[in-house]
Structure formats: C-alpha cells, structure tokens
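# sequence and predicted structure below; questions after.
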Amino acid sequence: MDRGAGILLPITSLPSKYGIGCFSKSAYDFVDWLKEAGQSYWQILPLGPTSYGDSPYQEECCEADFGEKPGTIDYGKMYESRYPLLRKAYERSDVSHNPEYLGFVEENRWWLSDYALFMAVKDRFGGVPWTEWAEDIRFRWGNAMDYYRR
C-alpha cells in the first residue's frame, strides 16, 4: 500500500473576487504549491450546504453582495448570494447532454440521488432544518419518498 501526505484546506479558505471558495487561479496555485511541497492529497470539506443557512463549501456576479471586508466572511451573505448564481449557471448550461457529467451522475448515483432529493426537499420547506419538515418525509415513509422524488 502506497502512503501519501496531504493538507486539509477548505475551499472557503481560498481568496477570490467572488467572495470565498472558488476554483479559480488561487486553487491552481495551491495545487502547484502542494506538488512542490511533496504532498499527494488536497482534502476539502463539503462543497454544498451542510446545515441551515450558513455553511462552509458575469454581470450577476458583479451585482451579488459577497461582503465588503476581505478579512471576514459573512456566511449568510455567501449563502444568499452564491446559491442563486449557481442555479442560474446550471439553468443556462447544457450539462445534461455532457457525457462527462452523465458519467459522473451514473458513477455517483449511490449518494447523489439522495443528496439531490435532500436539497430539493430542503428547498421545498424554505430551507428549514430537516427536523422541521413534515413527518412523512422526515421519517422517509415510502409514499412520501415517491411523492417528493416526483
């Protein structure tokens, strides 16, 4: 078994003109630095929301409010500004016909469909924690699972 070393650096720690956490030049620079330092891995934290509201991970971009203070992060602003931009980017893309995307979806179906369902239901209930959802979906009753999947 080969051994390797790496560094945990959340994407939210990378500098960016779009707030925090972009795979921009700073991400490429960090990967180059990892290689020069003899590291094999870059461990990241979850990229999507993990809890209610505040979570770690171009005209519209210029108009979005990511906060003004470079030394502080307003996670509420990040959540409210970034998610609608990502939604617009997806809606404008043609990713559903991209073979690499379709391959990713198929290869990761074992977790991706549950995550997509979770996020869709969370959105349906206005972003509140899952413990405040309707009982049928909170307890994953079969008929509720079918209903929300549709």
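Arrived safely, thanks for sending.
# need phi/psi at Q43.
Here the main-chain torsion angles of Q43 (degrees, to the nearest 10) amount to phi -90, psi 130.
# tell me, how many residues neighbour the closest residue in space to it that isn't next to it in sequence?
In this structure, Q43 finds its nearest non-sequential neighbour in L8, 4.3 Å apart by C-beta to C-beta, 6 or more residues apart in numbering. In this view, the C-beta of every residue, glycine as well, is placed from N, C-alpha and C. Burial measure for L8: 10 neighbouring residues, criterion other C-beta atoms under 10 Å.
# phi, psi of L8?
Main-chain dihedrals, L8, degrees, to the nearest 10: phi -90, psi 120.
# measure it to W42 for me?
Applying C-beta to C-beta, to the nearest Å, the value for L8 to W42 is 8 Å.
# and P99, by the same measure?
Taken as C-beta to C-beta, the spacing of P99 relative to W42 amounts to 26 Å.
# neighbour count: these two, which is higher?
When neighbours are counted by other C-beta under 10 Å, P99 and W42 differ, and W42 comes out ahead with 15 against 7.
# which residues does the helix or strand that contains the more buried one contact?
In this assignment (DSSP states H and E), W42 forms part of strand 41-43. Outside of strand 41-43, the residues that reach it under the criterion C-beta atoms under 8 Å, 6 or more residues apart in numbering are G4, A5, G6, I7, L8, L9, F30, V31, L34.
# correct me, but the third one touches A37?
In other words, G6. No: the pair G6 / A37 is not scored as a contact, 9.8 Å apart, by C-beta atoms under 8 Å.
# R140 belongs to a strand?
No: with DSSP: H, G, I helix; E, B strand; the rest coil as the criterion, R140 is assigned coil and is not in a strand.
# and for it, the neighbour number?
Other residues near R140 come to 11 when the count uses other C-beta under 10 Å.
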